[in-house]
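Asker: Give me the fold of what follows.
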Amino acid sequence: MKMKISIPGIIGAATLASAALLASMPATVRAASENAGRNQPSADQPFTMDSVATFEYPWAIAFLPDGRLLVTEKPGKLFITTQKGEKKEVAGIPKVYYSGQNGLLDVAVSPAFSRDHSIYLTFVEPGRGGGALALARAQLRESGGAASLANLAIIWRQNRFSSRGQPGGIIAFPPDGRHLFLTTGDRQQPRTAQDPDLAQGKVLRLNLDGSTPKDNPMAGQGGVKAQTWTTGHRNPYGLAFAPDGRLWLDEMGPRGGDELNLIQPGRNYGWPVVSNGDNYNGTPIPRHGTHPEFEAPVVYWTPVIAPAGLAFYEGAMFPAWRGSALIGGLVERGLVRIAFDGKGGAKEAERWVLGHRIRDVAVASDGAVWLIEDEEGGRLLRLTPR
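Answerer: Prediction:
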């Protein structure tokens, strides 16, 4: 059955505010999507891996300014970890709905941490019928060898509860640090991604306090519409700004069709109307080329890699990787490097099979690459040149 979708403000004329935002973005030249799904892993690994610490189903990692890492565990714990593997649990974590893909998710350090010591957390908040994605901000305090969260406040909540997975929950800050971008998955309810009144299947743009920026594409329409930056996403687990200021997102497709998308304000990325994969029951989904009104991925993967954490590399240890993005693979069980052409195009440059589900990627100030494994006893890994 063909779906008819009408989304005011997303498809159609942009507001003056979104037009100004689009005009300020780097020029983009779009080529046909590249299918990297059948690319073969690189035979040689140009790095060595050192296991630093282990965690119980870790989900996200983020660096503090002093070089220590924050590590979330999906069942509901947060740790401060040194680069030598010394762990300190942080008290004051809110209760989470831990089930399947749900639980404590991302952690991000405030752009103003040096002044306010704030961090952000996403988690699935328990409620009637399961849980709803929530975004919290709190101050990280340390005293007498102990660590805790103070003044924790939930600054944004999803407007529907569900017991299903695919929550999204990735946080990214733009280079100027003035706003916060947040991904929301479709919670395995595909049609929600095209419902402008539901905070599912979207990328949202918020102020640092969770309020709505006045220059969002649909800021004047209120509610979820006012917070929406882009729509039509399935299961977005990677979000990061490139050195040139462009925002990139990776998301999992159904049976095939994992995507790497260049995120531009006011655009619709098509899920579930189009995909480069098909439904799990085998029924086909129209391809992106049949609906040019939707944004097509720059790179897609069929067969899938199940992309997760996304980080851009600007370090000194791997000079050949500068300007590249690194993506963790859950099905691929490894690491993928993406190269960019500076015009909005990208391609898979290399991939390495590591034998474990790689959930998140982060780059330290010295240029070392850090990974976290998504499993019981998941290792925190440090990659340095071989």
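Asker: quick one: secondary structure of A199?
Answerer: Assigned with DSSP: H, G, I helix; E, B strand; the rest coil, A199 falls in the coil class.
Asker: Use 230 as the first number for this chain going forward.
Answerer: Let's use 230 as the start, then, which means that last one is A428.
Asker: Quick check: phi and psi at it.
Answerer: Phi and psi for A428, reported as degrees, to the nearest 10, are phi -80, psi 60.
Asker: for the one 5 residues further on, same thing?
Answerer: As for L433, its main-chain torsions (degrees, to the nearest 10) stand at phi -110, psi 150.
Asker: Roughly how far does it sit from A525?
Answerer: 22 Å (C-beta to C-beta, to the nearest Å). (Each C-beta comes from the backbone N, C-alpha and C, glycine too.)
Asker: The two: who's more crowded?
Answerer: L433 (23 against 20; other C-beta atoms under 10 Å).
Asker: quick one, what contacts the more buried one?
Answerer: W385, F410, L411, T412, T413, Q456, T457, W458 (C-beta atoms under 8 Å, 6 or more residues apart in numbering).
Asker: in the sheet, who's paired with it?
Answerer: Beta-bridge pairing for L433 (DSSP bridges): L411, T457.
Asker: Quick check: which ranges of the stretch 230-379 of the chain have low pLDDT?
Answerer: 230-260 (pLDDT under 70).
Asker: quick revisit: mind picking the one among the contacts of L433 that's closest to Y326?
Answerer: For these, the closest approach to Y326 (C-beta to C-beta) belongs to T413, at 15.2 Å.
Asker: Give the closest residue to that closest one in space, chain neighbours not counted.
Answerer: In space, and not counting its chain neighbours, T413 is closest to G397: 4.4 Å by C-beta to C-beta, 6 or more residues apart in numbering.
Asker: R416 too?
Answerer: Counting by C-beta to C-beta, 6+ apart, the residue nearest R416 is S391, at 4.3 Å.
Asker: Give me the distance between that neighbour and Y326.
Answerer: In terms of C-beta to C-beta, S391 sits 10 Å off from Y326.
Asker: ok, now A265?
Answerer: In terms of C-beta to C-beta, A265 sits 34 Å off from Y326.
Asker: just the strands in the stretch 280-429 of the chain please.
Answerer: Secondary structure of the stretch 280-429 of the chain (DSSP state E, counting those that start in this stretch): strands located at 287-292, 298-302, 306-310, 316-320, 333-338, 347-356, 359-372, 375-386, 397-401, 408-413.
Asker: who's more crowded, A265 and Y326?
Answerer: Y326 (23 against 20).
Asker: I figured that one hits L333, correct?
Answerer: No. Look at Y326 against L333 with C-beta atoms under 8 Å: they stay out of range, at 9.7 Å.
Asker: which neighbours do these two share?
Answerer: In contact with both Y326 and L333: F352, using C-beta under 8 Å, 6+ apart.
Asker: now stretch 377-389, how far from the centre of its chain.
Answerer: A distance of 19 Å separates the centroid of the chain from that of stretch 377-389, by C-alpha atoms, centre = their mean, to the nearest Å.
Asker: meant to ask about stretch 463-481, not that
Answerer: Worked out by C-alpha atoms, centre = their mean, stretch 463-481 lies 6 Å from the chain centre.
Asker: Now do the buried residues in it.
Answerer: 463-471, 475-481 (16 or more other C-beta atoms under 10 Å).
Asker: Name the nearest of the residues you listed relative to G538.
Answerer: G467 (5.6 Å).
Asker: Specify the beta-bridge partners of the closest one.
Answerer: Counting by DSSP bridges, the residues bridging with G467 are D479.
Asker: Quick check: Y349 vs G439, distance?
Answerer: Taking C-beta to C-beta, one finds Y349 at 10 Å from G439.
Asker: ah, wrong one, I meant V338
Answerer: 17 Å.
Asker: circling back to that earlier point, show me the common contact partners of Y349 and G439, please.
Answerer: In contact with both Y349 and G439: L364, R366, L409, using C-beta under 8 Å, 6+ apart.
Asker: So the second one sits against A379, correct?
Answerer: No. Using C-beta under 8 Å, R366 and A379 do not qualify as a contacting pair, with a distance of 11.0 Å.
Asker: which one of these two has more residues nearby?
Answerer: Using other C-beta under 10 Å as the criterion, R366 and A379 rank with R366 on top: 22 against 12.
Asker: can you pull the contacts of the most centrally placed residue in the chain?
Answerer: Nearest to the mean C-alpha position of the chain, by C-alpha atoms, centre = their mean, lies G467 at 2.7 Å. Contacts for G467 (C-beta under 8 Å, 6+ apart) come out as I399, W477, L478, D479, E480, P536, A537, G538, L539, I556, G557.
Asker: Could you single out the nearest of the residues you listed to T277?
Answerer: Looking across these and measuring by C-beta to C-beta, the closest to T277 is G557, at 18.0 Å.
Asker: Verify the stated contact: that closest one with I534.
Answerer: No. The pair G557 / I534 is not scored as a contact, 9.2 Å apart, by C-beta under 8 Å.
Asker: Now do the shared contacts for these two.
Answerer: V565.
Asker: Neighbour count: these two, which is higher?
Answerer: Looking at G557 and I534 with other C-beta under 10 Å, you find the greater number of neighbours at G557, namely 30 against 24.
Asker: where's the more buried one, which helix or strand?
Answerer: Element membership for G557 (DSSP states H and E) is strand 554-558.
Asker: quick one: average confidence on that strand?
Answerer: For strand 554-558, the mean pLDDT works out to 98.
Asker: how far away is the residue lying farthest from the centre of the chain from K317?
Answerer: Distance from the C-alpha centroid of the chain, by C-alpha atoms, centre = their mean, peaks at G373 (34.4 Å). G373 sits 11 Å away from K317, taking C-beta to C-beta as the criterion.
Asker: hmm, back to that, in CSV, list the strands of the stretch 280-429 of the chain along with distance to A428.
Answerer: Output for the strands of the stretch 280-429 of the chain, formatted as CSV (distance: least, C-beta to C-beta, whole Å):
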stretch, distance to A428
strand 287-292, 20
strand 298-302, 21
strand 306-310, 24
strand 316-320, 27
strand 333-338, 15
strand 347-356, 12
strand 359-372, 8
strand 375-386, 8
strand 397-401, 10
strand 408-413, 5
